[in-house]
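Chemist: take this sequence and fold it.
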Amino acid sequence: MPMISVDTQFGRLGVEETDGAITRLVWNGPDSGHETPLLKEAAAQLEAYDQGRLERFDLPYRVSGSEFQQRVCDLMFAIPFGDTRTYGDIAKELGQPAQPVGQACGANPIPVIIPCHRVLSATGLGGFSGDGGIETKVALLRHEGAASLLI
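Modeler: Next comes the predicted model:
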């Protein structure tokens, strides 16, 4: 699958496209395959986000996985820039326990674009599966002005 990479303050982010949709974001991803118009747009939006000029990604994405995983990702995508929710908030909306929501957040295949970093535990930051772990989550939240949560 074609992938384009962008150097950001959060690391080198590689975005993958499959059949006209963004399907994966990985840290330290290589540039590979043909640079499609969608990948070029994804790179431009990641650069704009990194520079503080973009608050919401406007890219077609597809999450492979269960219907539950897809619903959790759609709810995460809807969390506004600089805002946060808890695993419990999302669980309540779905009528499910918080633990599977946390697992679905951790399995998010398109972090940053689908902002799983905006989901916290009821008692703290929760986890983050991206490169750099919780420090990267904190950096993303600070970038979005959610730093008051971190005091």
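Chemist: and the longest helix along the chain, what's buried?
Modeler: Longest helix in the chain by number of residues (criterion: DSSP state H): helix 37-50. For helix 37-50, the neighbour count (16 or more other C-beta atoms under 10 Å) marks 38-39, 41-43, 45-46, 49-50 as buried. Heads up, the C-betas are built off the backbone N, CA and C, glycines and all.
Chemist: OK, contacts around Asp83?
Modeler: Residues counted as contacts of Asp83 (C-beta atoms under 8 Å, 6 or more residues apart in numbering) are 118, 146.
Chemist: make it 10 Å
Modeler: Contacts for Asp83 (C-beta atoms under 10 Å, 6 or more residues apart in numbering) come out as 115, 118, 144-146, 149.
Chemist: which among these count as buried?
Modeler: With burial judged by 16+ other C-beta under 10 Å, the buried subset of these is 115, 118, 144, 146.
Chemist: as TSV, those with pLDDT and distance to Gly95 would be great.
Modeler: Output for the buried ones among the contacts of Asp83, formatted as TSV (pLDDT from 0 to 100; distance: C-beta to C-beta, whole Å):
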residue	pLDDT	distance to Gly95
Pro115	97	22
Arg118	95	21
Glu144	95	28
Ala146	86	27
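Chemist: I'd like the residues you listed as a markdown table, with secondary structure and distance to Ser5 appended.
Modeler: Shown next, in a markdown table, are the buried ones among the contacts of Asp83 (DSSP: H, G, I helix; E, B strand; the rest coil; distance: C-beta to C-beta, whole Å):
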| residue | secondary structure | distance to Ser5 |
| --- | --- | --- |
| Pro115 | coil | 20 |
| Arg118 | helix | 23 |
| Glu144 | coil | 22 |
| Ala146 | coil | 26 |
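Chemist: what's the most distant pair in those?
Modeler: The largest separation in the buried ones among the contacts of Asp83, counting by C-beta to C-beta, is between Pro115 and Ala146 at 10.4 Å.
Chemist: what touches both of the two?
Modeler: 81, 83-84, 140.
Chemist: could you turn the buried ones of those residues into a PyMOL selection?
Modeler: Here is the PyMOL selection string for the buried members of these, based on 16+ other C-beta under 10 Å:
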select buried, resi 84+140
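Chemist: pick the one among the shared contacts of Pro115 and Ala146 closest to Met1.
Modeler: When the shared contacts of Pro115 and Ala146 are compared against Met1 (criterion: C-beta to C-beta), the nearest one is Leu140, at 24.8 Å.
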